[in-house]
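> Quick one, what's the 3D model for this:
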Amino acid sequence: GGALNGGSAALLWTAQGQRMLIVAKKDPPISSHFAIFWTFFNISAVLGGVATFVYFSKEKPSPSVNAHLFSAFLILMLLGAVFTLCLDADTDTN
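Now for the predicted structure:
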C-alpha cells in the first residue's frame with residue numbers, strides 16, 4: 001500500500017511541477033506566487049514536525065495528550081481554511 005501511495009504521489013507531484021513551470025513561463029508574476037505558496041507549505045510541514053517532536057519528546061503521552069495535539073492541529077487547519085476566505089478574488093478574466 002505504501003509503495004502504491006508513494007508512486008502515485010510521485011506522478012502527481014511531477015505533473016504539478018510541470019503545470020507550475022508551464023504557467024510560470026506564460027505569466028512570470030505567477031511564479032512568485034508559486035514560490036510564496038511553496039515556502040509557506042514547506043515551513044508549515046517543518047514546524048508541524050518540530051511541534052510534534054517537542055510535544056512527544058518530553059514524556060510518554062497519554063491518550064488525552066494525543067487528543068490535545070490532534071485538537072490543536074485541527075484548530076490550526078480550520079483557521080487556515082477560514083483565512084482563505086480573506087484572499088482577493090481573481091478579477092482578471094484573460
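> can you list the weak-confidence ranges in the protein?
61, 89-94 (pLDDT under 70).
> what about the helices in it?
Here the chain has its helices, by DSSP state H, at 2-26, 28-57, 63-83.
> tell me, what residue is most central in this protein?
Phe41 (4.0 Å; CA atoms, centre = their mean).
> separation between that one and Pro63?
According to CB to CB, to the nearest Å, Phe41 stands 30 Å off from Pro63. Backbone N, C-alpha and C define where each C-beta goes, glycine included.
> same thing with Ser57?
Distance, Ser57 to Pro63, by CB to CB: 18 Å.
> go on, Ala81?
27 Å.
> for Leu85, same thing?
Distance from Leu85 to Pro63, by CB to CB: 34 Å.
> Please apply the same query to Thr14.
40 Å.
> So between the two, which is more surrounded?
Set Thr14 next to Pro63 and count neighbours by other CB atoms under 10 Å: Thr14 wins out with 10 against 7.
> follow-up on the earlier one: got the contact list for the residue nearest to the centre of the chain?
By CB atoms under 8 Å, 6 or more residues apart in numbering, no residues touch Phe41.
> That one and Leu47: what is the separation?
From Phe41 to Leu47 the distance is 11 Å (CB to CB).
> ok, now His68?
His68 sits 17 Å away from Leu47 when distances are taken as CB to CB.
> same thing with Phe70?
17 Å.
> go on, Cys86?
For Cys86, the distance to Leu47 (CB to CB) stands at 21 Å.
> Specify which residue of the two has the higher count of neighbours.
The neighbour comparison of Cys86 against Leu47 (other CB under 10 Å) goes to Leu47, with 11 against 6.
> got the CA positions of stretch 59-77 in PDB?
What follows is stretch 59-77, C-alpha atoms only, in PDB (Å, rounded to 0.1, in the frame of the first residue of the first chain):
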ATOM      1  CA  GLU A  59       7.300  12.300  28.400                       C
ATOM      2  CA  LYS A  60       5.300   9.300  27.300                       C
ATOM      3  CA  PRO A  61       2.000  10.800  26.100                       C
ATOM      4  CA  SER A  62      -1.300   9.600  27.400                       C
ATOM      5  CA  PRO A  63      -4.400   9.200  25.200                       C
ATOM      6  CA  SER A  64      -5.600  12.700  26.400                       C
ATOM      7  CA  VAL A  65      -2.300  14.200  25.200                       C
ATOM      8  CA  ASN A  66      -2.900  12.800  21.800                       C
ATOM      9  CA  ALA A  67      -6.400  14.300  21.700                       C
ATOM     10  CA  HIS A  68      -5.000  17.700  22.700                       C
ATOM     11  CA  LEU A  69      -2.400  17.600  19.900                       C
ATOM     12  CA  PHE A  70      -5.000  16.500  17.400                       C
ATOM     13  CA  SER A  71      -7.300  19.300  18.500                       C
ATOM     14  CA  ALA A  72      -4.500  21.900  18.300                       C
ATOM     15  CA  PHE A  73      -3.700  20.800  14.700                       C
ATOM     16  CA  LEU A  74      -7.400  20.700  13.800                       C
ATOM     17  CA  ILE A  75      -7.900  24.300  15.000                       C
ATOM     18  CA  LEU A  76      -4.800  25.400  13.000                       C
ATOM     19  CA  MET A  77      -6.200  23.800   9.900                       C
END
